[in-house]
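Enquirer: Sequence and computational prediction follow.
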2 protein chains.
Amino acid sequence: MLAVIATVGRYKKGELIYQEGAIADRVFNVITGVVKSYRSAGNRRQRIIGFLFPQDIIGLADRGRYVNSARAITPVTLYRIPTAALEARLHRNPEFDYQVICKLCRELREAQQHAFLLSKHRAVAKLSLFLQMLETQQSSEGRLSEEILVPMSRADIGAYTNMSSEAVSRSFQELIRRRVISIRERRHIKILDRAGLEDIISEIRGSSKSMSQPLPRV
Amino acid sequence: MLAVIATVGRYKKGELIYQEGAIADRVFNVITGVVKSYRSAGNRRQRIIGFLFPQDIIGLADRGRYVNSARAITPVTLYRIPTAALEARLHRNPEFDYQVICKLCRELREAQQHAFLLSKHRAVAKLSLFLQMLETQQSSEGRLSEEILVPMSRADIGAYTNMSSEAVSRSFQELIRRRVISIRERRHIKILDRAGLEDIISEIRGSSKSMSQPLPRV
DNA sequence: CGTTCAGTTGATCACGGTCAAGCCCAGTGG
DNA sequence: CCACTGGGCTTGACCGTGATCAACTGAACG
C-alpha cells in the first residue's frame, strides 16, 4: 500500500492543505473527511475543481508545481507521500502502478462528469445532477443511508456548479416545492421522487407529475 | 511502443469510431487527424467531451462499456489496441505503464481545463479560451504557425463550449470587431492582440485598449 | 446550376447574476 | 442562562446575456 512511505496529516475544518503554484513535493491520499480542490480565478472568485473523499488522491502537479489549491471542508486526515519516493516505486512496481492508473481513470471520469454537469443550462438540473453525484459517491463508500449528507456550504456548491449561492438556494427550494427532495437541518437531503429528479436532470420542460398535481406559486 | 500489439484503422470525415455503451474491447491511439468524443444527451443534443489529436488515447471504459462515442471530424488514422493485450502488458511492463500514466494525467488536466472553460460566464470569454487551447495544442505538436487551424464546425465548438452555434458565430464576429483576431476562410484564425485575448478570458469588463480606440457598432 | 447544409444576422424573451434586505442559527461573552 | 453578533442561508426586484426561432447568405457538392 501507499502507507509504507507516507506520513499522516491532520487538518481542521477550513484549513489549507496546499496552495496553487507551490512546489509539489508530496501527493496526498485522503483517509477521512472531505477536501475541496479549487483555483482562485483572479477576481477573488474561486472555482471548485472537485470535492475529494476518502481514498481519493490529490496533489497533481504540472512541471513541479501544484495546479490548484486544496482545503479541508470538514476535519480531515490524510497520508502525505513524498513524490520522490513515489516516482521511484512507479518505475519498479507494476502492481502498484496499476492501482494508480485505476485511480487516475476514476478521477478522469469524475472530471468529465463535472464538465457534463457544467454544460447543463438550467440551474435545477445542475443541482439535481450534483445531488445524484453525491449520492452515488456515498453509496459507493458503503454509507447506505436514506439521506444524502451535504458536507459543503451553498457557496461551495455554487463554486462547483458555477452558479451563485442564491441560485443554489432557489433551486433547492424549487426541488422542495416540486416534492422531489426534502431537507433536514440544511445538510441532510432525502430524495422523494427519483423519476422526477431524472426528468429534471435530462432537462425535460415540464415533468408529467408536476403537471398532474398543480403546485403553489407556479 | 503501443504499435506492437496494434492494428491500424482508417476513418473518413464524419465516420463513427465507436459508440457509447458498446462493449469496449479495444482502445485507440490517434496517429493523424482529429476526433471528437461526445455523449448524446438524450434529446438529440450532443455534448462534446473533448477533441482528440495525434498521440491521444481514446476508448476509456466503465465496467467494460465505452462511456462515450467517438467520431472522426477529419480523415483519421489510428492504432487499435485490444484491451486484453493491453492489460496483460500493464501488469508486467513498468516503463510502459509510466507512459500510460503520463497520458492519463494529461487527459485529466485537459478535462479540468474543459470544466474551467465551461465555468466562464461570457460567451466571448469561452470562445477566446477555446482558441487559446487550440493554439497551445497545435504549438505543442510542433506545428508552429502564425495561424490557428480550426478543424471543427461552429456547431461542434458550440457543443464543446456549451453555447449555441449562433452564439459562437456572434462571438467570433465580436472578436473580429475588437481587432483581437482575424479569420481567413472560416477555418484559419490569426491572433492580433494577445493581451486583449487574455483580458477577455479573465472576464475583465472593458479592455483598456478597446476603450482607447473606439469601435463601430458598440 | 440547383440542392443542401454551414454559417451569419436579426428579434424576442426567459433564466440566472447581481445587489439588497432579512432570517436563522451557532458561537461567544457577559 | 440569555443577549449579542456574525456568517450562512433565504427571498425579493431588476436587468443583461445568450437560447431560441426564423430568415437569409454563402459555399461545396454533384
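Expert: Here it is on my side, so go on. Numbering: from 1, shown residues only, chains lettered A, B, ... in the order given.
Enquirer: which residues in chain A form strands?
Expert: For chain A, the strands defined by DSSP state E cover A:7-11, A:16-18, A:26-32, A:35-40, A:46-52, A:57-58, A:61-62, A:65-66, A:69-72, A:76-82, A:147-149, A:181-184, A:188-191.
Enquirer: For the fifth one, which strands pair with it and how are they oriented?
Expert: Right, strand A:46-52. Counting by DSSP bridges, the strands paired with strand A:46-52 are strand A:35-40 (antiparallel).
Enquirer: Give the buried residues for the partner strand.
Expert: A:35-39 (16 or more other C-beta atoms under 10 Å in any protein chain shown). In short, each C-beta sits where N, CA and C put it, glycine included.
Enquirer: Ok, which of the strands of chain A comes nearest DNA strand D?
Expert: strand A:181-184 (6.7 Å; C-beta to the nearest atom of the strand).
Enquirer: Which secondary structure elements does that closest one sit against?
Expert: Packing partners of strand A:181-184 (3 or more C-beta pairs under 8 Å, 6 or more residues apart in numbering or on different chains; DSSP states H and E): helix A:165-177, strand A:188-191.
Enquirer: Tell me the strands beside it, with direction?
Expert: Strand pairing (DSSP bridges) places strand A:181-184 next to strand A:188-191 (antiparallel).
Enquirer: any residues touching the partner strand, and which ones?
Expert: A:131, A:135, A:146-150, A:180-184, A:197 (C-beta atoms under 8 Å, 6 or more residues apart in numbering or on different chains).
Enquirer: Need those in JSON lines (columns: neighbour count and pLDDT).
Expert: Converted to JSON lines, those look like this (neighbours: other C-beta atoms under 10 Å in any protein chain shown; pLDDT from 0 to 100):
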{"residue": "A:131", "neighbour count": "21", "pLDDT": "97"}
{"residue": "A:135", "neighbour count": "18", "pLDDT": "95"}
{"residue": "A:146", "neighbour count": "7", "pLDDT": "87"}
{"residue": "A:147", "neighbour count": "16", "pLDDT": "91"}
{"residue": "A:148", "neighbour count": "21", "pLDDT": "94"}
{"residue": "A:149", "neighbour count": "13", "pLDDT": "93"}
{"residue": "A:150", "neighbour count": "18", "pLDDT": "95"}
{"residue": "A:180", "neighbour count": "24", "pLDDT": "96"}
{"residue": "A:181", "neighbour count": "20", "pLDDT": "96"}
{"residue": "A:182", "neighbour count": "13", "pLDDT": "95"}
{"residue": "A:183", "neighbour count": "16", "pLDDT": "94"}
{"residue": "A:184", "neighbour count": "9", "pLDDT": "91"}
{"residue": "A:197", "neighbour count": "23", "pLDDT": "96"}
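Enquirer: of all those, which comes closest to residue B:114?
Expert: residue A:131 (22.4 Å; C-beta to C-beta).
Enquirer: Can you pull the domain assignment for chain A?
Expert: By the assignment in automatic domain parsing, chain A contains the domains A:2-87, A:121-211.
Enquirer: Now those domains in a markdown table, please, with extra columns for distance to DNA strand D.
Expert: A markdown table is the format used below for the domains of chain A (distance: least, C-beta to the nearest atom of the strand, whole Å):
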| stretch | distance to DNA strand D |
| --- | --- |
| domain A:2-87 | 9 |
| domain A:121-211 | 3 |
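Enquirer: Dump the ones you listed to JSON lines, plus distance to residue B:31.
Expert: Formatted as JSON lines, the domains of chain A follow (distance: least, C-beta to C-beta, whole Å):
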{"stretch": "domain A:2-87", "distance to residue B:31": "26"}
{"stretch": "domain A:121-211", "distance to residue B:31": "35"}
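Enquirer: so which of the ones you listed gets nearest residue B:57?
Expert: domain A:2-87 (17.6 Å).
Enquirer: what about the closest one, average pLDDT?
Expert: Here domain A:2-87 scores 90 as its mean pLDDT.
Enquirer: can you tell me which residues contact the residue nearest the centre of chain A?
Expert: In chain A, the residue lying closest to the centroid (C-alpha atoms, centre = their mean) is residue A:51, at 2.9 Å. Residue A:51 makes contact with A:34-37, A:73, A:152, A:156, A:160 under the criterion C-beta under 8 Å, 6+ apart.
Enquirer: Please list all residues in contact with residue A:19.
Expert: Contacts of residue A:19 (C-beta under 8 Å, 6+ apart): A:66, A:69.
Enquirer: let me redo that: residue A:61
Expert: Residue A:61 neighbours (C-beta under 8 Å, 6+ apart): A:24, A:67, A:83.
Enquirer: Which helix runs longest in chain A?
Expert: helix A:94-118 (DSSP state H).
Enquirer: So is it next to chain B?
Expert: Yes - using C-beta under 8 Å from any C-beta of the partner chain, we find that helix A:94-118 touches chain B at A:94-95, A:97-98, A:100-101, A:104-105, A:107-109, A:111-112, A:114-116, A:118.
Enquirer: Which ChimeraX command selects the buried ones in those?
Expert: With 16+ other C-beta under 10 Å as the criterion, this ChimeraX line picks the buried residues out of these:
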select /A:94,97,100,104,105,107,108,109,111,112,114,115,116,118
